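Asks: The sequence isn't on hand, but the structure is:
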């Protein structure tokens, strides 16, 4: 067997970033095993392709809505080519995948294209794409296999008109009506994409609000903007009971306020979340300790150092549950590599920004006012309406706000919630403030350039 200091199974943001860290910082001989394209879900079926589609859709929507008002004439409101939009998305993905491949070569990381399975604590078998297999000996292992879309056992969910996010990203034709089951991040981003392209969108969400994992005000505000500005029909507290294929259409049946309801569309997007991807991870002839690898509801359990129940075998990212975000997997990968080399964590994994690329964008980090109250922390809350921001006005952005939560006694920033243009870019200023222990006064001493969206931060903290 070929011997490596570290074998990583999974070439997404967690896996390939950990590989670079191990090779560059610790001079480890690293093998990276990936059964699909490098970059994982984020690059190939998630973050990058959805944001590329959003960029095209937002440009189209802005011209359609405001073109004449800002002096751009003769715009064809039906003038988009879904096949070309998809082609552009594929170009971006291909270029970035190639870039990761170059990084692997530059950092002397050996890439194996195939499905990696654990045989023992120091033995990985890779079923290569050409039908052969190769065995790798590992000093340490890191599992970074990510997650896959979750499809619940709803009657009719196996209809060919029911798509997950994976399939919808490859759609090359316009559709008139789309029903989205699930009002989380994925559902709301796809609602923004297709409503911008003129599709009639309906969201059916079982929980009391959309994006319910974030600050309540964000969910309420987004729901209002969806209904008024985007004409997206939002149903919350609605439980899907079945899906019916009606030939040309597909119908989603649900109960809302004890009433039986139906909504039809050309397609249904199933976006109720993702589950850990452990398919094929454990070989049939695996050792007893590998077969007994501790899991809970399909999620691999790890300790504070990301080590599994098997010494020397680590796991990070979506496969260990928690917050399923690419930048979280990257941070965890870097920390796991540091831990296995006896070093402290190089990244603060407690302060995690969350971003939603709707229009307007949404970003959040740290505590909300309600969470602080639950922890017995007395806070002050500062809020600035972005309708008073010059850059927001001149660029015809939707209404929005910046809200900052700080400890009442010390003034230290504890959290922030943004709903405005470029929120996903600006949230890092608040992440830095929380990690560095900055106060509202510290942030207010900064000069914010004019005219910018970030001026709103200066106004909010003052």
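Replies: Cool, the structure landed. What you see is a predicted model; the values in this text were computed from it and never measured.
Asks: the strands in the stretch 201-350 of the chain, which residues?
Replies: Taking DSSP state E, counting those that start in this stretch, the strands of the stretch 201-350 of the chain run over residues 233-235, 238-246, 249-256, 259-265, 267-270, 274-276, 295-296, 299-300, 313-315.
Asks: Minimum distance to residue 423: which of these has it?
Replies: strand 233-235 (20.3 Å; CB to CB). Any C-beta I mention is one placed from the backbone N, CA and C, and that applies to glycine too.
Asks: Output the contacting helices and strands for that closest one.
Replies: Secondary-structure packing of strand 233-235 (3 or more CB pairs under 8 Å, 6 or more residues apart in numbering; DSSP states H and E): strand 200-204, helix 216-228, strand 259-265.
Asks: That strand pairs with which strands?
Replies: Applying DSSP bridges, strand 233-235 is found paired with strand 200-204 (parallel).
Asks: on that earlier part again, hey, least reliable of the helices and strands packed on strand 233-235 by pLDDT?
Replies: Among the helices and strands packed on strand 233-235, helix 216-228 carries the lowest mean pLDDT, at a mean of 94.
Asks: re earlier: most packed of the strands of the stretch 201-350 of the chain?
Replies: Ranked by mean neighbour count, those are led by strand 313-315 with a mean of 27 (mean count of other CB atoms under 10 Å).
Asks: and that one, what's its mean pLDDT?
Replies: 98.
Asks: what separates that strand from the chain centre, distance-wise?
Replies: In terms of CA atoms, centre = their mean, to the nearest Å, the centre of strand 313-315 is set 22 Å apart from its chain centre.
Asks: Need the strands of the stretch 201-350 of the chain in CSV (columns: distance to residue 396).
Replies: Output for the strands of the stretch 201-350 of the chain, formatted as CSV (distance: least, CB to CB, whole Å):
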stretch, distance to residue 396
strand 233-235, 23
strand 238-246, 33
strand 249-256, 34
strand 259-265, 30
strand 267-270, 28
strand 274-276, 34
strand 295-296, 48
strand 299-300, 44
strand 313-315, 46
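Asks: on that earlier part again, so for residue 98, which of the helices and strands packed on strand 233-235 sits nearest?
Replies: Taking those one by one with CB to CB, strand 200-204 is closest: 33.9 Å.
Asks: still on that earlier bit, how about the helices and strands packed on strand 233-235 in a markdown table, adding distance to residue 64?
Replies: Below are the helices and strands packed on strand 233-235 laid out as a markdown table (distance: least, CB to CB, whole Å):
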| stretch | distance to residue 64 |
| --- | --- |
| strand 200-204 | 15 |
| helix 216-228 | 17 |
| strand 259-265 | 21 |
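Asks: Point out the most buried one among the ones you listed.
Replies: Sorting these by mean neighbours (by mean count of other CB under 10 Å), the first place falls to strand 200-204, with a mean of 23.
Asks: contact partners of that strand?
Replies: Strand 200-204 is contacted by residues 176-183, 187-188, 191, 194-195, 210, 226, 230-235, 238, 240, 252, 254, 263, 265 when judged by CB atoms under 8 Å, 6 or more residues apart in numbering.
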